[in-house]
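In: whatever this is, show me its structure:
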Amino acid sequence: MLTAASPGEAIRLAGENPKIDLFVTDVVMPEMNGKELAKRLLAICPGPRHLFMSGYTADLIARQGVLEEGVYFIQKPFSMKELARKVRELLG
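Out: Now for the predicted structure:
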């Protein structure tokens with residue numbers, strides 16, 4: 001498992017570890033939003049599944065154009081059980 005404290009660090013780690021199966025990112029962050037980070041990570045290592053999370057409601061985020069139909073999203077706060085369920089759903 002890799003962890004990054006910032007979008008820039010996540011991009012650097014993806015460049016060093018191109019075999020990533022799943023990434024989880026917040027939607028609202030300093031430097032760039034989660035949608036832009038996902039786009040950049042997928043350009044480096046195509047194929048990983050991704051899960052967005054936020055303390056903002058999914059409706060509010062969707063209205064801002066950050067989340068599109070069919071994107072996996074989990075609302076904060078969430079339990080580890082909820083996260084595990086969402087990851088299982090995502091990975092199929």
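In: sticking with the residue lying closest to Glu68 once chain neighbours are set aside, tell me its helix or strand.
Out: Spatial nearest neighbour of Glu68, excluding adjacent residues (CB to CB, 6 or more residues apart in numbering): Ala62 at 7.7 Å. (C-beta placed from N, C-alpha, C; glycine too.) Using DSSP states H and E, Ala62 sits in helix 58-63.
In: tell me the helix or strand right after that helix.
Out: In N-to-C order, the element after helix 58-63 by DSSP H and E is strand 72-75.
In: name the residues of that following strand that are buried.
Out: Tyr72, Phe73, Ile74 (16 or more other CB atoms under 10 Å).
In: and the contacts of the worst-scoring helix or strand of the chain on mean pLDDT?
Out: When the helices and strands of the chain are scored by mean pLDDT, DSSP states H and E, helix 58-63 comes last with a mean of 76. Residues outside helix 58-63 that contact it (CB atoms under 8 Å, 6 or more residues apart in numbering): Val27, Phe52, Ser54, Leu67, Glu68, Phe73, Gln75.
In: can I have the buried ones of those as a ChimeraX selection?
Out: In ChimeraX, selecting the buried portion of the contacts of helix 58-63, with burial taken from 16+ other CB under 10 Å, looks like this:
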select :27,52,54,67,73
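In: quick one: low-confidence parts of this protein?
Out: Within the chain, the stretches with pLDDT under 70 are 64.
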